[in-house]
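*Asks:* Structure of the sequence below:
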Amino acid sequence: MIESIVKESKDGVLIDIDVQAGAKKDEITGINEWRKRLSIKIKAPATEGKANKEIIKFFKEIFKKDIEIVAGKLNPQKTILVKDIKKDEVIETLKKYL
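*Replies:* Numbers count the residues shown, from 1 in each chain. As a prediction, this is how the structure comes out:
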């Protein structure tokens with residue numbers, strides 16, 4: 001199922017995510033099979049880009065790579081780019097959190 005939310009691109013790997021802001025802690029909660037997205041919770045509120053900054057920081061800690069939000073900046077459904085990494089590495093890393 002992870003394979004359906006992770007796509008290779010020329011700059012790295014794209015991951016479709018579904019974000020719940022204002023949570024108790026930052027965490028990956030699973031895969032939303034219906035939306036085909038990785039479900040995550042973020043402590044920061046969804047105001048003034050705070051949640052987006054937290055998302056970037058959260059995934060930077062997980063992958064140790066540069067992260068960019070490439071779609072959905074104002075939406076709970078987002079696509080992030082993990083730069084300079086292979087799809088297999090992303091899938092292996094995410095499996096540890098699921």
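
*Asks:* pLDDT of stretch 19-27, averaged?
*Replies:* For stretch 19-27, mean pLDDT rounds to 97.

*Asks:* Quick check: closest non-adjacent residue to Asp26.
*Replies:* Phe58 (4.9 Å; CB to CB, 6 or more residues apart in numbering). Bear in mind the C-beta positions are built from the backbone N, C-alpha and C, glycine included.

*Asks:* Centre of the chain to the helix or strand containing that neighbour, how far?
*Replies:* Taking DSSP states H and E as the criterion, the element that holds Phe58 is helix 50-63. In terms of CA atoms, centre = their mean, to the nearest Å, the gap separating the centre of helix 50-63 from the centre of its chain is 8 Å.

*Asks:* Packing partners of it?
*Replies:* Packed against helix 50-63 by the contact rule (3 or more CB pairs under 8 Å, 6 or more residues apart in numbering; DSSP states H and E) you find strand 12-21, strand 37-42, strand 67-71, strand 77-83, helix 87-97.

*Asks:* Lys43 is in contact with the residue nearest to Asp26, correct?
*Replies:* No - Phe58 is not in contact with Lys43 according to CB atoms under 8 Å; the separation is 9.4 Å.

*Asks:* Next, the distance between the ends of stretch 15-27.
*Replies:* 15 Å (CA to CA, to the nearest Å).

*Asks:* Stretch 29-37 now?
*Replies:* 11 Å.

*Asks:* Pull out the buried residues from it.
*Replies:* 31, 37 (16 or more other CB atoms under 10 Å).

*Asks:* before we move on, what about stretch 57-75?
*Replies:* 58-59, 62-63, 65, 67, 69, 72.

*Asks:* pLDDT added to the residues you listed, as CSV?
*Replies:* As requested, the buried residues of stretch 57-75 are exported to CSV (pLDDT from 0 to 100):
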residue, pLDDT
Phe58, 98
Phe59, 98
Ile62, 98
Phe63, 98
Lys65, 98
Ile67, 98
Ile69, 98
Gly72, 97
